[in-house]
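Asker: Provide a 3D model corresponding to the input given below.
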Amino acid sequence: MSDKSAIEWTEATWNPVTGCTQVSPGCANCYALTFAERFRGVQGHPYEQGFDLTLRPERLEQPLQWRRPRLIFVNSMSDLFHEGIPDAFIFRVFEVMRRAKWHRFQVLTKRSERLLALSDQLYWAENIWAGVSVENQRWTTRVEDLRRVPAAVRFLSCEPLLGPLELNLDGIDWVIAGGESGRGARRMDPLWPRMVRDQCLRAHVPFFFKQWGAFDEAGIRLGKKHSGRDLDGRVWDEMPLAGRGGRLALA
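Answerer: A predicted model of the protein is given here:
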């Protein structure tokens, strides 16, 4: 299985767990669910069970076998803090990340309450980043939980961006924003990513604009065609440094 990723803000993916359940509006058109369910019932396929939550201990040590340093998105096909994943398994994932110190790991969750509840039992090595998804104002409560997690880098994924956001960026090191793609995609109002970007500029927080999604800036649906990443005449590819309070703008 290839570890390379087409996701613009990472370099590789690692899935010691697959499958999930929906918890908020951002999940409605989940790309991972759509992909996995295509293979439900296909004997011998990794997603023979579709998007059912599945622990994959045989994948735990994959990052230790990747010798070239990579930026790795953890559980692109699940959520590490899903209520169905035992604490002990989460601890094993964190131990592998600690041992694979030449990589940087991006742990993104919609379950910020459990992230916070377990945070003081986890070893937050400098190479482990913690992030939460924030798709509209209702879910900015996740940012409050994240702010209390002692990760070297704390980040927000405002994707799919489903409404305007007023953010408190104190203690936040990076923000990703983007529109929704795929069947059933909801249009992102152009004002919404601009609001997020402008708040990042004021707070001196790196901003990464991933994509417009299925609709271009004018609101025209483009089908499978890529809608582009330009926002007001530039590509925003800013990234954080891997240390508390350190920031680097790459755009």
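Asker: and stretch 201-217, what's its mean pLDDT?
Answerer: Averaged over stretch 201-217, pLDDT sits at 95.
Asker: that one spans what distance, first to last residue?
Answerer: Taking Cα to Cα, to the nearest Å, stretch 201-217 runs 21 Å from one end to the other.
Asker: partners of the residue nearest the centre of the chain in the sheet?
Answerer: When Cα atoms, centre = their mean is applied to the chain, the residue found nearest the centroid is Leu108 (4.4 Å). For Leu108, the residues forming beta bridges with it (DSSP bridges) are Gly131.
Asker: mind listing what Val107 touches?
Answerer: 74-75, 80, 128-131 (Cβ atoms under 8 Å, 6 or more residues apart in numbering). Yep, even glycine has a C-beta here, placed from its N, CA and C like the rest.
Asker: oh sorry, the question was meant for Gly219
Answerer: Arg187.
Asker: and if you look at Asn136?
Answerer: By Cβ under 8 Å, 6+ apart, the neighbours of Asn136 are 25, 161-165.
Asker: if we use 6 Å, what do you get?
Answerer: Taking Cβ atoms under 6 Å, 6 or more residues apart in numbering as the contact definition, Asn136 lies against 162-163.
Asker: just Leu122 next, same as before
Answerer: Counted by Cβ under 6 Å, 6+ apart, Leu122 has contacts Phe94.
Asker: distance of it from Tyr47?
Answerer: 28 Å (Cβ to Cβ, to the nearest Å).
Asker: one more: Gln199?
Answerer: Where Tyr47 is concerned, Gln199 sits at a distance of 38 Å (Cβ to Cβ).
Asker: okay, those two: which has more neighbours?
Answerer: Tyr47 (20 against 17; other Cβ atoms under 10 Å).
Asker: assign the more buried one to helix, strand or coil.
Answerer: Secondary structure, DSSP: H, G, I helix; E, B strand; the rest coil: Tyr47 is coil.
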